[in-house]
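Student: give me a 3D structure for the following:
(4 chains)
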2 protein chains.
Amino acid sequence: MENPIIQFISSYIKLSPEEINIVNEQNQIKSFKKGTVLLSEGAYAKECYFILKGCVRSYYLIDGEERTTEFYTENQGINPVSYLTRQPSEYYLACEEDCEVALSSAERSRVLIEKVPKLEALIMQMSSQLLVQNQVSFDSFKNLNPEMRYLKLLETRPDLFNRVPLQHIATYLGITPVSLSRMRKRITVKH
Amino acid sequence: MENPIIQFISSYIKLSPEEINIVNEQNQIKSFKKGTVLLSEGAYAKECYFILKGCVRSYYLIDGEERTTEFYTENQGINPVSYLTRQPSEYYLACEEDCEVALSSAERSRVLIEKVPKLEALIMQMSSQLLVQNQVSFDSFKNLNPEMRYLKLLETRPDLFNRVPLQHIATYLGITPVSLSRMRKRITVKH
DNA sequence: CTCATTAATTATCTTTTGTTAATTTTTGCC
DNA sequence: GGCAAAAATTAACAAAAGATAATTAATGAG
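Tutor: Have a look, this model is predicted:
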C-alpha cells in the first residue's frame, strides 16, 4: 500500500519513483496516542505536521478554560504560528484521537525542495491556498451567528461530531458548552 | 522624495539603483477618490494592491447589509481571495478615503521576480507573515467578546476611529451599529 | 450658509448568550 | 459489569446583543 503523503502529493503533481523515494526518506512518520500534547503554550514549535490519520486540536488556555481554534483531520497540514515566527507558542496542539502524523522541519523542507525542486511550487500553492481558506473561514465566522455556524459545521464537517467532545466544538463555534447544548435543544424542537 | 514602495521594500532588503528602477517600472500607481469601488461581488479580481495612502475597506453584502471584514491602510497589501483563486469575488473592496494605491498583477509580478529574483524570498516571507497575521487575528476575534474586541481596536488602531464611520467598525467587530453605540455608552459610564 | 442625507444615539422590547449550580448521561478503566 | 471521572444537559437568573423605530447630530454638496 502506498504512503498517504505520496498519494496526496501525486494528486497535484506527478512524481517519479526515485522522487517518491526521496520524499519518503525525508518524511518522518510518527504515531501518537490520544491525549498527546504536540505543542504547549510557551514552547517553540520545531516542526510542522501533516495528519495522516486522526484528529489534532489547537486551543488557547484562557483563565483556565480551553478555547478551541481548529480541528485538523486527515490530509490537513498544520503550520504552527510558532513554527513560522520562531516565537513561543501562544496555543496548544493536542491529539484528540490516536494519530499518525508526518513531521517536517525547516531543515528537512529545505533538503526536500533542493532534491525535488518541483515541490516548491506545490508548497507555495498550498501556502496560498491555506491563506485563502483561513481568510474565508474568518469571514464566514464573522458573517454568521452562532446558530448558523453550528448548522454550517454540521453540513461541512459532520464527522467532527463523532470524533470530538461537544464542549470543544462549542468553544470552536465561539460559545460556551452550556449555550451549545441549549441551542441544540432549541433547534430540534423547532423541526 | 522616494517612492513609498521602495522605502517599504528597502526596510527588508537592499536594492541597487537599477533594481529600484525596475521595481518602479513594474509598479503602476493610481489615485482613487473616496467611494470608488475597486472590486465588486461577482467580479474577477485582476490585480492585487498595496496601499500607499488612504484606507480601503472590504465588506460582504448580506441581506442588503454591509458586513465589514477588514480595513486596509498605509503599507498594507491586499491580496483579494478572487485574485488568488480566480473565482468571482464574494466581497467588495471600496475606498473609504481618497487613496493612492500601487497595483500589481500576476503578469507584472512574474516579470518583476524574473528581473529581481531576490524579491521572491521577500514575497514569500510576506505571504507567510500574512498567513500568521490572519490566523492570529482570527484567534483573537474568537477568544475575545465584542467589548474586548472594541477596546483592543481602540488600542491597536486608534486612527481608524477618525477615518471610518462607526457603523463599519461595528460590523467589523461582529456586532450591529446600535449595539456598538450602546456599548460605548456603557463603557464611558463605567469609568 | 442651508438643507437634505447620512450617521449616531437613544429607547423599548425580544432573543440569545453567559454564569453558576445541580442533575443526568456517557466514557473508559480496573 | 461496576464505578469513578468526564461530558452533556437542564434550570434559573443576569448580562448582552438583535431588531425596530424615533430622535439627535454630523456631513457634505450646492
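
Student: ok, now which ones touch A:Val111?
Tutor: Applying C-beta atoms under 8 Å, 6 or more residues apart in numbering or on different chains, we find A:Val111 in contact with A:Gln26. C-betas here are computed from N, CA, C, even on glycine.

Student: what strand or helix carries it?
Tutor: Per DSSP states H and E: A:Val111 is located in helix A:106-115.

Student: neighbours of whichever residue of chain A sits closest to chain B, how many?
Tutor: Nearest to chain B in chain A, going by C-beta to the nearest C-beta, is A:Phe138, at a distance of 4.4 Å. For A:Phe138, the neighbour count with other C-beta atoms under 10 Å in any protein chain shown is 19.

Student: what's the closest non-adjacent residue to A:Thr73?
Tutor: Nearest residue to A:Thr73, sequence neighbours excluded (C-beta to C-beta, 6 or more residues apart in numbering or on different chains): A:Cys55, at 5.0 Å.

Student: just to revisit the earlier point, relative to A:Leu61, how far out is the residue of chain A closest to chain B?
Tutor: Distance, A:Phe138 to A:Leu61, by C-beta to C-beta, to the nearest Å: 22 Å.

Student: so where is chain A shaky, pLDDT-wise?
Tutor: Residue ranges of chain A with pLDDT under 70: A:1-2, A:190-191.

Student: up against DNA strand C, what does it have?
Tutor: Contacts of chain A with DNA strand C, taken as C-beta under 7 Å from any atom of the strand, map to A:145-147, A:174-176, A:178-179, A:182-183, A:186.

Student: out of those, name the ones that lie in strands.
Tutor: Among those, no member is found in strands (DSSP state E).

Student: and of those residues, the nearest to B:Ala45?
Tutor: A:Asn145 (28.2 Å; C-beta to C-beta).

Student: OK, contacts around the closest one?
Tutor: Here A:Asn145 is in contact with no residue (C-beta under 8 Å, 6+ apart).

Student: and if you look at A:Thr85?
Tutor: Residues counted as contacts of A:Thr85 (C-beta under 8 Å, 6+ apart) are B:Val132.

Student: so it versus A:Gln135, what's the distance?
Tutor: Per C-beta to C-beta, A:Thr85 is found 19 Å from A:Gln135.

Student: close enough to count as contact, A:Leu39 and A:Leu93?
Tutor: Yes. Judged on C-beta atoms under 8 Å, A:Leu39 makes contact with A:Leu93 at a distance of 4.1 Å.

Student: that older thread, could you report the neighbour count for the residue nearest to A:Thr73?
Tutor: Each residue near A:Cys55 was counted by other C-beta under 10 Å, and the total is 21.

Student: who's in contact with it?
Tutor: A:71-73, A:95-97, A:99, A:160, A:163-164.

Student: secondary structure for those - can I get that in JSON lines?
Tutor: JSON lines is the format used below for the contacts of A:Cys55 (DSSP: H, G, I helix; E, B strand; the rest coil):
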{"residue": "A:Phe71", "secondary structure": "strand"}
{"residue": "A:Tyr72", "secondary structure": "strand"}
{"residue": "A:Thr73", "secondary structure": "coil"}
{"residue": "A:Cys95", "secondary structure": "strand"}
{"residue": "A:Glu96", "secondary structure": "coil"}
{"residue": "A:Glu97", "secondary structure": "coil"}
{"residue": "A:Cys99", "secondary structure": "strand"}
{"residue": "A:Leu160", "secondary structure": "helix"}
{"residue": "A:Arg163", "secondary structure": "coil"}
{"residue": "A:Val164", "secondary structure": "coil"}
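
Student: thanks a lot, catch you later.
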